[in-house]
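[1] Next comes the sequence, and after it the predicted model I'd like to discuss.
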Amino acid sequence: MFGTLFTTQDVVSSAFAGALLATLSTAVLCFLGLTWINERWRMPVAMVGVAALASALHYLGSTSLWLEAQKASSGVRFSAWFTVHPLQVAAVYFYARTMDKVPVGIFWRISAAALLMVFSRYLGDAHFFNPALGVLLSIGFWLYILGEMYFGAMADAVRKGKRPVRLGYFWIRLIMTIGWAIYPILHFVDVVIGTGQANGVVALYTLFDLVNLITPSLIVLAVAGQERY
Amino acid sequence: MFGTLFTTQDVVSSAFAGALLATLSTAVLCFLGLTWINERWRMPVAMVGVAALASALHYLGSTSLWLEAQKASSGVRFSAWFTVHPLQVAAVYFYARTMDKVPVGIFWRISAAALLMVFSRYLGDAHFFNPALGVLLSIGFWLYILGEMYFGAMADAVRKGKRPVRLGYFWIRLIMTIGWAIYPILHFVDVVIGTGQANGVVALYTLFDLVNLITPSLIVLAVAGQERY
Amino acid sequence: MFGTLFTTQDVVSSAFAGALLATLSTAVLCFLGLTWINERWRMPVAMVGVAALASALHYLGSTSLWLEAQKASSGVRFSAWFTVHPLQVAAVYFYARTMDKVPVGIFWRISAAALLMVFSRYLGDAHFFNPALGVLLSIGFWLYILGEMYFGAMADAVRKGKRPVRLGYFWIRLIMTIGWAIYPILHFVDVVIGTGQANGVVALYTLFDLVNLITPSLIVLAVAGQERY
Amino acid sequence: MFGTLFTTQDVVSSAFAGALLATLSTAVLCFLGLTWINERWRMPVAMVGVAALASALHYLGSTSLWLEAQKASSGVRFSAWFTVHPLQVAAVYFYARTMDKVPVGIFWRISAAALLMVFSRYLGDAHFFNPALGVLLSIGFWLYILGEMYFGAMADAVRKGKRPVRLGYFWIRLIMTIGWAIYPILHFVDVVIGTGQANGVVALYTLFDLVNLITPSLIVLAVAGQERY
Amino acid sequence: MFGTLFTTQDVVSSAFAGALLATLSTAVLCFLGLTWINERWRMPVAMVGVAALASALHYLGSTSLWLEAQKASSGVRFSAWFTVHPLQVAAVYFYARTMDKVPVGIFWRISAAALLMVFSRYLGDAHFFNPALGVLLSIGFWLYILGEMYFGAMADAVRKGKRPVRLGYFWIRLIMTIGWAIYPILHFVDVVIGTGQANGVVALYTLFDLVNLITPSLIVLAVAGQERY
């Protein structure tokens, strides 16, 4: 796992190694959770679990790279984001679906928007077009997803649920509103301003990844299990 | 996982790394899906999941090779295709089988055709006989599979299903018609014309692998779960 | 697993390698235990299992590091503690919850306290502030958790359980009182006094990790299974 | 997985890599199959799955060895055969057992014969005694197993089953009669004649391993699932 | 898995590699067995499975070490024994428990005795005190465990079971009486006489490990499944 020794003063290494174990533990906990939650909730829980697993595998790679060479790249991050973000957004759809019918078209639209959100940022990062344009486009897709979550049929469906379901939806949506703001912001700092993968940027990415990935996963798992616990 | 750092501008590395995580996530999601879908659907879902897993393991190897030496080989790809293509074709048979009895002979014929489709391309690629002949033979076997899917007993069986089942079959068949066309085409470019594993060829293979592997898997999973979601 | 040969006289290597296998076995046993215990108990058992797994993965890394270079770092340990300690504390909450309703606020408070307990020790270790302050703060959070366990709603809930449940709670709490005392003590020795990761410190950490991790996990598993065995 | 690049013209490398993915996929498919087959069939399916897994792990090792040094050894093969052959033979016993009581003595005798079949070949290969004697002894044990399968209580028990069960037994027995003939033959070529692990010998071993391992596994899985599909 | 080529004439390498695959296969078979055995039997089966897994992981390490450097150490063995022996002894307790109530005190006493049996041998091997004393002490603890198994409440409980349960107990106990005798004997040869880890010693250890680990595991699994098969 950890090819090199690092001290606690090396904040980035500690953050990477901690993120690796935390995301992997989240994934395993979600998978085990499938054995006690109500069958209706298995799909969103499986999805956040797989998103956490994909992120953990990406951290397995980037932790090794960082410990060996103290270098990080947005390339490695993007390889995970293409899988993680659409999965997380789709999980919200199925979260709402457990409460009431939600048109399947919304699923396709927000999943595609999540993919395009990552892809436009990717094209900017790779300088296929202006990085600033990538940031703007990705913000647009992100706002569309948020719009569906705040004013669309998913919000209506969730409103029919009991208090823990409504509360969980509220918090997940909040994290996707505030926490996800880090991605265009850091992307702007990193590529448009051009700091590159400076230590601060890497540490911030990792910190927010922890919040944005682990908290919603645990919220979904907790809500799914609330009928029992 | 990722032995070397790569930037987003290195499109092939990004594609490989992304494909590795995406196919692995697909496989895990299908395996977890076995816990919530109807028992009748477990066989096709397990098969597309195993196909995605075999592909993910192949990407684990070829991603390492690419990141280290920026080289790819059709040899590594073929080692996965021998497992992936027959599994995918067999999954379509069991997909149809969930709706109505389909003669078991069709299963043997289309599985064998899928194996021979890969094998004839392999023999051409390895110059056991003329690569162009390999391309032609593989197209023949592919057309036979498509024929069974369009006009055979599987299409009849699926027609008895509800709308989502019919729709899913339609889309999987479409992907196998259009998406799979990339294999003889790229094989022609790569071996007969002789560009070898140029960056563009590798990127296209990877891109289409993503579509051809992940989309049908998710469609099967979605249709299998539609009685609940 | 073990990249280098070590003899039994090399106590630290033996302790590391033994801890790796013991924690991993504990994790697997807890996961398998989910198949025979009562559904009500699955959550605490899953949590101690995941805590043991995270610890095992950390030992996988630190065993390799130790065998290669005979060096250990608190950095690697902290990366696991951030996951392990909150999980263990949360497991105690759900342990009590199986017996009676316990306000969900307690869950949030003790989980946060466990995270802060590790974090304040981390900040001290990394010299963000005085290590002695880190020790004191972490002791404060630890005492708060113990307070909740001895005099809070969890103790009340457990009192309604049968004898094995009450006995199990008594022992887990005792381990968290006596066993966990090693962390501030060794931290004091290691950072404030400044011995660093001397062999004795490493061996003691590992020994207490075994007690603090494996015993509570097995107690939870045993209590969860006691209705059958 | 694959440490070195290989082309399709390198038949042995392709065969090894293909065998690795194919046997692993077979193992996973059998394990997943346990979720949909009738409980009565779980034991034989689990056994062929574990046999495929052991073979896959052996290929994981020998593929790495081959790709690095283009060398193979019968030593590595034997390490797997000791596990694989007795498991396959025992699976046939439990296959028959699903239909009717079969004396448990037969289980012990054919499992022991399978172990001795591999062991006598091993002793010959390692020149503990004359390799030709090893071949002869192993043929004797093999014939004993075949005798039990053709004329013993297992054949009687299977005769009480429905057509797919009888057909599956017929094919598995045929593979063990014709396919397994390759082992004494190639052993004779390899050790007694003394060609060693020539490329042709390695390729033939691998090819027959694929037939001898994967086909019976899939037959058992198919028969086990035939009550549903 | 296998980093180096070895021939069949290299008996120790073959034994190691074979033991790795055999113990791992045993572990997987036990885990899969949990899906078909009676719920009452899951605990002992899980325990022997985890013991086999811990042993397999230890062989994964020591096989690599042996193949690279032709060296073995008792240090690596001990790291597994600390987990394996107590688990095996505890499994016997739960084996008896399936038949009738057995005082839980016996569980604690024989588990502790198994741990002390390994620990006293370890202290001797590491020359904390005279190795001969370690041998004697470990024999004492071993005899205590045997005493409980022959004349204690476990034997009484098992006597109430049907013939296969009684027979299985008889064989497991016999293996723990005769097979386990190898540990003090080889320890005497290895440390007290001082041959060290000579090839013969390593081969004998491995051979007996196979018998002592795999046979009881399979017996427990077979007895657990006998109500069905």
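    That came through fine.
[2] Please count neighbours and contacts with C-alpha atoms only from this point.
    Fine.
[3] Any regions of chain A where pLDDT drops low?
    Across chain A, the ranges flagged by pLDDT under 70 are A:1-3, A:227-229.
[4] does whatever residue of it ends up closest to chain D sit in a helix, a strand or a coil?
    Residue nearest to chain D within chain A: A:T35 (14.3 Å; C-alpha to the nearest C-alpha). At A:T35 the chain is in coil, as set by DSSP: H, G, I helix; E, B strand; the rest coil.
[5] residues near it, how many?
    Using other C-alpha atoms under 10 Å in any protein chain shown, A:T35 has 17 neighbouring residues.
[6] same check, this time on the one 3 residues further on
    Applying other C-alpha under 10 Å, we find 15 residues neighbouring A:N38.
[7] same deal with the one 3 residues further on?
    The burial metric for A:W41, expressed as a neighbour count using other C-alpha under 10 Å, is 21.
[8] cool, and the one 3 residues further on?
    Counted by other C-alpha under 10 Å, the residues lying close to A:P44 total 27.
[9] in terms of contact, does it touch A:A91 like I think?
    Yes: taking contacts as C-alpha atoms under 8 Å, A:P44 lies within contact range of A:A91: 4.5 Å.
[10] now the residue of chain A closest to chain D: how far from chain B?
    Counting by C-alpha to the nearest C-alpha, to the nearest Å, the gap between A:T35 and chain B amounts to 9 Å.
[11] for that residue, phi and psi?
    Main-chain torsions, A:T35, degrees, to the nearest 10: phi -80, psi -20.
[12] How about the contacts made by it?
    C:34, C:42 (C-alpha atoms under 8 Å, 6 or more residues apart in numbering or on different chains).
[13] Kindly report the same for A:G75.
    A:G75 touches B:5-9, B:14, counting by C-alpha under 8 Å, 6+ apart.
[14] again with A:R42
    Listed by C-alpha under 8 Å, 6+ apart, the contact set of A:R42 reads A:34, B:35-36.
[15] One more pass at 6 Å, please.
    Going by C-alpha atoms under 6 Å, 6 or more residues apart in numbering or on different chains, A:R42 touches A:L34.
[16] element containing it, please.
    helix A:42-69 (DSSP states H and E).
[17] how about that helix: buried residues?
    Within helix A:42-69, the residues that qualify as buried are A:42-67, counting by 16 or more other C-alpha atoms under 10 Å in any protein chain shown.
[18] Okay, A:L218 and A:G49: tell me how far apart.
    Relative to A:G49, A:L218 is positioned 9 Å away (C-alpha to C-alpha, to the nearest Å).
[19] correction: A:I110
    Remark: distance between A:I110 and A:G49 (C-alpha to C-alpha) = 19 Å.
[20] Please apply the same query to A:A72.
    Distance, A:A72 to A:G49, by C-alpha to C-alpha: 25 Å.
[21] what does A:F129 give?
    34 Å.
[22] Then A:T8?
    Applying C-alpha to C-alpha, the value for A:T8 to A:G49 is 29 Å.
[23] Checking the closest residue to A:W66 other than its chain neighbours next. Helix, strand or coil?
    In this structure, A:W66 finds its nearest non-sequential neighbour in A:A72, 6.0 Å apart by C-alpha to C-alpha, 6 or more residues apart in numbering or on different chains. Look at A:A72: counting by three-state DSSP, its state is coil.
[24] how near is A:A72 to C:D10?
    For A:A72, the distance to C:D10 (C-alpha to C-alpha) stands at 37 Å.
[25] Pick out whichever of the two has more residues nearby.
    Neighbours were counted for A:A72 and for C:D10 using other C-alpha under 10 Å; A:A72 has more, 22 against 11.
[26] Just read off the phi/psi values of the more buried one.
    According to degrees, to the nearest 10, A:A72 has phi -130, psi 160.
[27] so where does the closest residue in space to A:L53 that isn't next to it in sequence fall, helix or strand?
    Distances taken as C-alpha to C-alpha, 6+ apart put A:A27 closest to A:L53, at 5.2 Å, once the chain neighbours are dropped. If you go by DSSP H and E, A:A27 is part of helix A:11-33.
[28] now what about that helix, what contacts it?
    Contacts to helix A:11-33, defined as C-alpha under 6 Å, 6+ apart, come from residues A:49, A:52-53, A:56, A:59, A:63, A:203, C:79, C:83.
[29] how about CSV for the residues you listed, with distance to C:A222 added?
    Output for the contacts of helix A:11-33, formatted as CSV (distance: C-alpha to C-alpha, whole Å):
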residue, distance to C:A222
A:G49, 27
A:A52, 30
A:L53, 29
A:A56, 31
A:Y59, 34
A:T63, 36
A:A203, 41
C:S79, 29
C:T83, 23
